[in-house]
Every structure is written in C-alpha cells, then in structure tokens.
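Participant: no letters, just coordinates:
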C-alpha cells in the first residue's frame, strides 16, 4: 500500500475472517428490474471489533460528507439513527441462519465488476474459486443516497481478496450424495 495515497475515511478493507455470501461477483444481476449489479453479502464476526469499528467510522464519515444529499428538500438533515444504514445485525435479522449467527453483515454492490485476487495478489479467473462461503477481505466504500424518498448510507463494492476456502453456503447437494444409497456395482437391467 502506497504511503502517498490520500486516505478516504469512507473506504474500509475488512479483516480476513469476513465470509462472503450471495456472491454475485462474476456477472451483474438485476433485482426487481433495476440496474444489473455485482454484489456480495459480507458476514463479519462480531469478534472482529477492528473491522466493525472501521465500518461504523466510515458510515459516520459518509453521513457527514453526504449531509446536503441527505437533507434534500427538507429543512434539516435526518439523524443518522433515523436513516437506513448498511451495517446490520445477523443475530437480529437472520436468527435462523447459522452463517449469520454472532455476526454483523453488510450488503455491498457495484455496477462494475470487482477485482478479485488471491492471498498472493494473483488475479482469480476461475469462477469455481469464488463462491458463497469463502473467507477474505473486501474493499468497500460507504456513501450517502437520497432517491425516490429513500435516504441513507449504502455500501459500494470495490475489490475482493480470497484468503481461504470455506463450507459452501446455500449450496445444493451433489448428484453423488443424492444418489449414494442407490449406487450398485452390478449392471442391473432396470427394464426387468
């Protein structure tokens, strides 16, 4: 990391224990007919207090930087506690999802594809290397929005660094595991 670059208080690099879920990072997807976007849900352990503190500070910085946008045509800027913010509590919002237990999560998205590298900074080109369940860092930027009556702080996705594999999340069973009980060594004639 270059020492000469300006520090952006709204940009955060998450810790390496961040888990990626709903990783739509290879092709943009449209939600409800909206603009197609690349996206990922970043699951951050509550024990990663450094990353959580950085995110809270970046949300605060985005709020201060975006006060004029958040105010819009109103007479005053809404309180930060009164607007939508991207840091959410997995225990409160997804109590039945084991992957989100004991964690916060942030949904990040972008209209341009994120750069994706491995732990040694080599570009990852194989789609099978990046899936919902891997662990890694994410470069994200927080910003204020005021659109169609909705205002708040959102999270933009910049880049991803895969650190290690993890148990795939929300994956379906393989054909081998589905039919393991029916495997035979003989050539049964199923027409008989």
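Facilitator: Nice, I can see it. All figures in this text were calculated on a predicted structure; none of them were measured in a lab.
Participant: distance of the residue nearest the centre of the chain from residue 8?
Facilitator: Centroid-nearest residue in the chain, with CA atoms, centre = their mean: residue 41, separated by 2.7 Å. For residue 41, the distance to residue 8 (CB to CB, to the nearest Å) stands at 23 Å. Placement of C-beta: from N, CA and C, glycine included.
Participant: hey, which strand is longest across this protein?
Facilitator: Longest strand in the chain, counting residues (DSSP state E): strand 150-164.
Participant: next structured bit after the longest helix belonging to the chain?
Facilitator: Counting residues, the longest helix found in the chain (DSSP state H) is helix 49-65. Using DSSP states H and E, the helix or strand that follows helix 49-65 in sequence is helix 67-71.
Participant: in that next one, what counts as buried?
Facilitator: Neighbour-count burial for helix 67-71 flags residue 70 (criterion: 16 or more other CB atoms under 10 Å).
Participant: give me the contacts around it.
Facilitator: Residues from elsewhere that reach helix 67-71 (CB atoms under 8 Å, 6 or more residues apart in numbering): 63, 77-78, 83, 144-146, 151-152.
Participant: do that again at 6 Å, thanks
Facilitator: 77, 144, 146, 151 (CB atoms under 6 Å, 6 or more residues apart in numbering).
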